[in-house]
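> Here's a sequence, model it:
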Amino acid sequence: MTTPRRPAPTSSAPLKTLKPLRGVRVLSLALNLPGPAAMMRLKAMGATCLKAEPPGPRGASGDPMGQYNRGAYDTMHTGIRVITVDLKTEKGQASLHKELARTDVLLTSFRPSALEKLGLGWKTLRRRYPALSVVAIVGAPGARAEEPGHDLTYLADAGLVTGLDLPPTLFADMGGALMASEAALKAVLAQKTSGKGSFQQVALSDAAAWLALPRTWGLTQPSGAVGGAHAGYRVYPCKDGRVAVAALEPHFAAALCAAAGVAMPSLLTLFEQATHEAIARFLLARTRKQLDTLALEMDIPLHTMA
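This next block holds a predicted model:
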């Protein structure tokens, strides 16, 4: 548990939440995490969202997320109507197409071949519903969309798995959800101009590659300024926990050095081993409470952790 330092800004009047997708109907066939997370974003932007799930075992959710983490499932589906549709039956197909007739954006996460087998390929849908847009979430782009994979494999391919520990969160899935909601926004804007629907493919591997760009550029490599080489941008041990220090800009770095008693003739000082050692000794001798107080007094960006 962390110790709060800076109070949140207050306002006499709540900010008005923009609802740019008010009146837009979104239908999702996407399961697990990226699709539902994207729907959660679209719902927050005002869209009317409907989720069609396959039948589940013994009345359970047809979405695997609803079976192995009900709390996450419930959070992502708050305010979203969920129906059960067996797309492998004529009755299920009829139910789906009844909804598609009044849908603006269809969200999917099947492999392209699976969609073709279900009669939901883009060419087929475009002929039947000219104004319908499709946002297709896949693992990898283009011809690789048929390849099996998951968040972990896409992160590994992007160089974001650097040891044997699992990443602390599902970066590719959540990044892909953001890209999918962005694609839905683009589709709605394009439809308002042209009157026609569009097809957009969102690849989770592309999301991982986008998130990996700072590492690709060298910024977060061990030799990079935000990869550990800069003494003002690191995680250090303190007397009763840890402290994440983000004193990267010159004025923040100067304040950190002044607090630690380190002379700073230039920014290059922050890259010297002696500076790393001096700041480490200074922080290790202080408690989280002392460091929280120091941060407020000297305007140093840091966050203490147990």
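
> you'd agree residue 80 is up against residue 43?
Yes. Proximity of residue 80 to residue 43 meets the contact threshold set by Cβ atoms under 8 Å, at 5.9 Å. Heads up, the C-betas are built off the backbone N, CA and C, glycines and all.

> Let me see the mean pLDDT of the helix or strand where residue 49 lies.
Taking DSSP states H and E as the definition, one finds residue 49 inside strand 48-53. Mean pLDDT, strand 48-53: 98.

> Report the strands that pair with it, each with its relative direction.
In the sheet, strand 48-53 lines up against strand 25-28 (parallel), strand 81-84 (parallel) (DSSP bridges).

> The last one: how far from the chain's middle?
Just to be clear, that refers to strand 81-84. Distance of strand 81-84 from its chain centroid, counting by Cα atoms, centre = their mean, to the nearest Å, is 24 Å.

> Can you tell me the centre-most residue of the protein?
residue 174 (3.0 Å; Cα atoms, centre = their mean).

> And that one, how far from residue 218?
For residue 174, the distance to residue 218 equals 24 Å [Cβ to Cβ, to the nearest Å].

> repeat for residue 80
For residue 80, the distance to residue 218 (Cβ to Cβ) stands at 41 Å.

> Settle it for me: which of those two has more neighbours?
Neighbour count, other Cβ atoms under 10 Å: between residue 80 and residue 218, residue 80 has more, with 18 against 13.

> ok, the more buried one - contacts?
If you count contacts by Cβ atoms under 8 Å, 6 or more residues apart in numbering, residue 80 has them with 39, 40, 43, 49, 50, 51.

> Mind checking the pLDDT average for stretch 131-144?
96.

> Return the distance of it from the chain's centre.
18 Å.

> Could you do stretch 95-111 as well?
On the basis of Cα atoms, centre = their mean, stretch 95-111 is displaced by 24 Å from the centre of the chain it belongs to.

> With stretch 16-27 instead?
The chain centroid and the centroid of stretch 16-27 are separated by 20 Å, computed with Cα atoms, centre = their mean.

> Just give the closest residue to residue 285, not the sequence neighbours.
residue 239 (6.5 Å; Cβ to Cβ, 6 or more residues apart in numbering).

> Quick check: the gap between the one you found and residue 47.
Residue 239 is 49 Å from residue 47, where distance means Cβ to Cβ.

> The two: which has the busier surroundings?
In terms of neighbours (other Cβ under 10 Å), residue 47 is the more surrounded of residue 239 and residue 47; the figures are 25 against 14.

> Spit out the contact partners of that one.
Counting by Cβ under 8 Å, 6+ apart, residue 47 makes contact with 21, 22, 24, 25, 26, 105, 184.

> Residue 43 against residue 49, yeah?
Yes. Assessed by Cβ under 8 Å, residue 43 is found in contact with residue 49 at 4.9 Å.

> Please say which of those two ends up with more neighbours.
residue 49 (25 against 19).
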